[in-house]
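Visitor: Build me a model:
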Amino acid sequence: MATCPPHTSYPSVPPSGPTTGGPFTGAPAAAPLRHAHWWQRTWVRYGALTTLLAISGLVILALVREETGTEGFLVGLGLATLPVPLLIASFRWLDRVEPGPWRNLLFCFAWGACAAALIAIVANSFATRWIATATADPSSADTLGATVIAPVVEEIAKAAAVLLVFLFRRRDFTGILDGVVTAGVTATGFAFTENILYLGTAFGTDQLTGGTGIASVTAATFFVRIIMSPFAHPLFTVLTGIGFGVSALAADRQHIRRVAFPLSGLLLAMGMHATWNGSSSFGEYGFFAVYAAFMVPIFGLLTWLVIWTRQRELRTVRAELPAYAVAGWLSPVEPYALGSMRARRIARQYARRHAGRAAAREVARYEAYATSLAFLRHRGRRGRAGADFVVRERELLDELWRRRETARPALDYAARITAPPVPVAAPPWPVHGAYGYGPTTTPTQAPTPTPYPAYETPYPAYNPYRS
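Guide: Residues are numbered from 1 along each chain as shown. This next block holds a predicted model:
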């Protein structure tokens, strides 16, 4: 297994100019690829996956519309859409340290809304009917289906998306936050479809019974599912995502850990889901008791965990990138700027203001590649990097080198704006030539200020590695 050099050694010195034809000037040309079979071609896989999701979407659309009616479907669709932007924005915010590609998030949402929802509807209906037929007790079958069958089926269906990203987009799945975001977006898509079904059915019930206003079934369903618990499904599946995230941090030889943590997370998600679904059978106030004593504390605990993990990743960036600054790949202030979300934002704004949106996108890509490089080196120093460590490191360094002309001025500016000032104590004795001492100044005449180089505003003295 190839690993990163120990912390006492540093990467090689960067080339004197932009590279052409490969990661580094003079690097040997890659060997020609063998002809891949037709099912191994990228466009075939993308086409098959898109077709599968499209068919699942059409089938689930027909099933929900048949259950709710056209008018109920439209009402449910409008109400179910409300929490989606907030949830997606929250998960995207967590993913800002090393943002994954949008295509991964789009796949996860589509899988949750289409494939996972279809699997859940078909499997839950079949299992509930079979239990009702076998026991001749429809009420018990419904209870058993909601508290046992549904949690198992739904969590497995949602976990399939996390597994696919973990296996086939391994470079984009490097830690706990990636697992949280992947699982959360998948569950958001699943909850979106489920909310359409529940809200549309509630609206149809009100149409039959004449219920309106706050006392209607639609209002009660909206309050419980959209206002009180929009995070319920994401909260369950995030436990599975954390398990996959811990597995991603394990070395390749730790086979038991790589399998045990995802399974443990999945079992916890099923248990939590079952407790939530069974809360209605705990008495008149069972739902509120489970919500207050169980759901809210766990939601707060997981929120703290992912935010702490996010800050830990930023500290990893600040700790690992100085090696590349010493070797000349990065400027001295970049590790500090890249380890601060505020500095990153200021750098993108600076690039957009001075060179347009294209430059801002280049700075964002530079930040993402630098973060990936820091995480790669961190895994390498711990012996958890794959056999392609050297190749991947060179690819990332090459991407940074290509964008350095655009990104470095913006990051340097952001570092100077955001770095805390370092207190400097004035010496107790007069210093010749300093302001306030010696013959160069008088009480009524200050020295001529020196213009700050290439920046719009003055900046204080700073320590770029001070956290």
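Visitor: Going by C-alpha atoms from here, please, whenever you check contacts or count neighbours.
Guide: Fine.
Visitor: Just give me how far the helix or strand containing Val390 sits from the chain centre.
Guide: Using DSSP states H and E, the element containing Val390 is helix 389-418. Relative to its chain's centre, helix 389-418 lies at 21 Å (Cα atoms, centre = their mean, to the nearest Å).
Visitor: which regions of the chain sit below the pLDDT cut-off?
Guide: Counting by pLDDT under 70, the chain contains low-confidence ranges at 1-10, 12-40, 136, 252, 283-284, 421-467.
Visitor: Any idea how far the lengthiest helix in the chain is from the middle of the chain?
Guide: For the chain, the longest helix by residue count, based on DSSP state H, is helix 42-81. Put simply, helix 42-81 sits 25 Å off its chain's centre (Cα atoms, centre = their mean).
Visitor: what do you get for stretch 106-123?
Guide: 20 Å.
Visitor: Same question for stretch 70-82.
Guide: Put simply, stretch 70-82 sits 28 Å off its chain's centre (Cα atoms, centre = their mean).
Visitor: Would you mark the buried spots in that stretch?
Guide: Of the residues in stretch 70-82, those buried by neighbour count under the rule 16 or more other Cα atoms under 10 Å are Gly72, Phe73, Leu74, Val75, Gly76, Leu77, Leu79, Ala80.
Visitor: Does the fourth one touch Leu199 like I think?
Guide: What that stands for is Val75. Yes: when contacts are counted by Cα atoms under 8 Å, Val75 is listed as touching Leu199 (7.4 Å).
Visitor: residue contacts, His97?
Guide: Just to correct that, residue 97 is Val rather than His. Counting by Cα atoms under 8 Å, 6 or more residues apart in numbering, Val97 touches Arg310, Glu313, Leu314, Met341, Ala368, Thr371.
Visitor: if we can go back for a sec, for the helix holding Val390, which residues meet the burial criterion?
Guide: 389-390, 392-404, 406-418.
Visitor: do the same with stretch 202-222
Guide: Buried, per 16+ other Cα under 10 Å, within stretch 202-222: 202-206, 211, 216-222.
Visitor: cool, and stretch 105-125?
Guide: For stretch 105-125, burial by neighbour count (16+ other Cα under 10 Å) applies to 105, 107-121, 124.
Visitor: Do a quick rundown of the strands in the chain.
Guide: Ranges of strands within the chain: none, based on DSSP state E.
Visitor: Just give me the residue closest to the centre of it.
Guide: Taking Cα atoms, centre = their mean, the centroid of the chain lies closest to Asp95, which sits 3.2 Å from it.
Visitor: where's that one relative to Arg392, distance?
Guide: Counting by Cα to Cα, to the nearest Å, the separation of Asp95 from Arg392 is 21 Å.
Visitor: Over to Gly278?
Guide: Applying Cα to Cα, the value for Gly278 to Arg392 is 48 Å.
Visitor: just Ser279 next, same as before
Guide: With distances taken as Cα to Cα, Ser279 is found 49 Å from Arg392.
Visitor: How about Leu197?
Guide: Leu197 is 45 Å from Arg392, by Cα to Cα.
Visitor: got the buried residues for the longest helix of the chain?
Guide: 53-54, 56-57, 60-61, 63-65, 67-69, 72-77, 79-80.
Visitor: Quick check: which helices or strands does it pack against?
Guide: Packing partners of helix 42-81 (3 or more Cα pairs under 8 Å, 6 or more residues apart in numbering; DSSP states H and E): helix 117-135, helix 176-209.
Visitor: Could you export these as CSV, including distance to Leu167?
Guide: Listed next are these as CSV, based on distance: least, Cα to Cα, whole Å:
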stretch, distance to Leu167
helix 117-135, 21
helix 176-209, 12
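Visitor: so which of these gets nearest Arg353?
Guide: With Cα to Cα as the criterion, Arg353 lies closest to helix 176-209 of the helices and strands packed on helix 42-81, at 30.5 Å.
Visitor: got the angle between the closest one and helix 117-135?
Guide: Orientation check (axes from the mean of the first three to the mean of the last three Cα atoms, to 10 degrees): helix 176-209 against helix 117-135 gives 60 degrees.
Visitor: Endpoint to endpoint, stretch 129-142 covers what distance?
Guide: Start-to-end, stretch 129-142 (Cα to Cα) is 9 Å.
Visitor: wait, what's in contact with the residue nearest to Ala150 when sequence neighbours are not counted?
Guide: Ranked by Cα to Cα, 6 or more residues apart in numbering and with sequence neighbours excluded, the top spatial neighbour of Ala150 is Asn124, at 6.0 Å. Listed by Cα under 8 Å, 6+ apart, the contact set of Asn124 reads Gly145, Ile149, Ala150, Val153.
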